[in-house]
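Novice: What follows is a predicted protein model with its sequence.
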Amino acid sequence: MADDASDDDEPCLAYMFDAAAATTRRDLELAPGLSISYFVHAEGDADSTAEITGHVAWPAAAALARRVATDWSARPATSALELGCGCGIGGLAAAALGASRVEFSDRDAGVLRLARRGFEASDYANCRATFEASSWGPPAADAEKFDLVFGSDLIYDSGVVAPLVATAAGRLAADGVFMLAQSFPLGDASTAALRDACAAARLELRLVFELGEMRIWRIAGRQ
């Protein structure tokens, strides 16, 4: 079941979704016997793309979805929020794994249409999904909270780190977890900004996966 919260396009930026571009459907195996289907620009590929766009899947998106699947039996999530969702691989993974509530969030309403296509192409009848065009920053006090907040390749400049962490911290349930993945090195400034923002929000930052330049962090409240 999918709901629309907003269908208004954000102002056009160079890296945003090209509504006229051809798209193609791709499959991703999360675990043996469990796969998802998603839509990307026809020239995009989860293993080879390095474009700065939301209409293709970067390598960290697949890695993060598989990590979530690996952790699911030990820590299932009833609800999940994917920040900067692009084509929605993370949110689709959460729905496939059994989350009953998933929010796909991105500032570009165009890529949200790609995520919606992926969701509607599969049978997730027991999952309520919404597609939110929104920016990062401290959310309202009554904003919906989620067991899992996650996203991949969200940090492209140190200046986005503080609003990103503020968004995640404000949308986490009391025992929630924020999973963050990057396909490429953050650099010293962004690494320091991430460490400082997590400390300010009283969140523990822990590296849980690395492969080549790729990294996945688990960020949660201090025990």
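Specialist: Structure's in. What do you need?

Novice: The strand ranked longest in the chain: partners in the sheet, and parallel or antiparallel?
Specialist: In the chain, with assignment by DSSP state E, the single longest strand is strand 172-182. Its sheet considered, strand 172-182 pairs with strand 146-152 (parallel), strand 214-221 (antiparallel) by DSSP bridges.

Novice: Point out the most buried one among those strands.
Specialist: The highest average neighbour count among the strands paired with strand 172-182, using mean count of other CB atoms under 10 Å, belongs to strand 146-152 at a mean of 26. For the C-beta atoms, the positions are set from N, CA and C on the backbone; glycine is no exception.

Novice: so how far is that one off the chain centroid?
Specialist: 7 Å (CA atoms, centre = their mean, to the nearest Å).

Novice: Pull out the CA atoms of it and give them to me as PDB.
Specialist: Only the C-alpha atoms of strand 146-152 are listed here, as PDB (Å, rounded to 0.1, in the frame of the first residue of the first chain):
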ATOM      1  CA  PHE A 146      11.400   4.700  13.000                       C
ATOM      2  CA  ASP A 147      13.200   1.600  14.200                       C
ATOM      3  CA  LEU A 148      15.600   1.900  11.300                       C
ATOM      4  CA  VAL A 149      16.900   5.000   9.600                       C
ATOM      5  CA  PHE A 150      19.400   4.400   6.800                       C
ATOM      6  CA  GLY A 151      20.900   5.700   3.600                       C
ATOM      7  CA  SER A 152      23.800   5.400   1.300                       C
END
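
Novice: which residues touch it?
Specialist: Contacts to strand 146-152, defined as CB atoms under 8 Å, 6 or more residues apart in numbering, come from residues 58, 60-61, 63-64, 68, 77-85, 89-90, 94, 99, 101, 103, 168, 171-173, 175-183.

Novice: Mind giving me the ChimeraX command for buried ones among those?
Specialist: Listed next is the ChimeraX selection for buried residues among the contacts of strand 146-152, using 16 or more other CB atoms under 10 Å:
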select :58,60,61,63,64,68,77,79,80,81,82,83,84,85,89,90,94,99,101,103,168,171,172,173,176,177,178,179,180,181,182,183
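
Novice: Grab the most central residue of the protein for me.
Specialist: Taking CA atoms, centre = their mean, the centroid of the chain lies closest to G151, which sits 2.8 Å from it.
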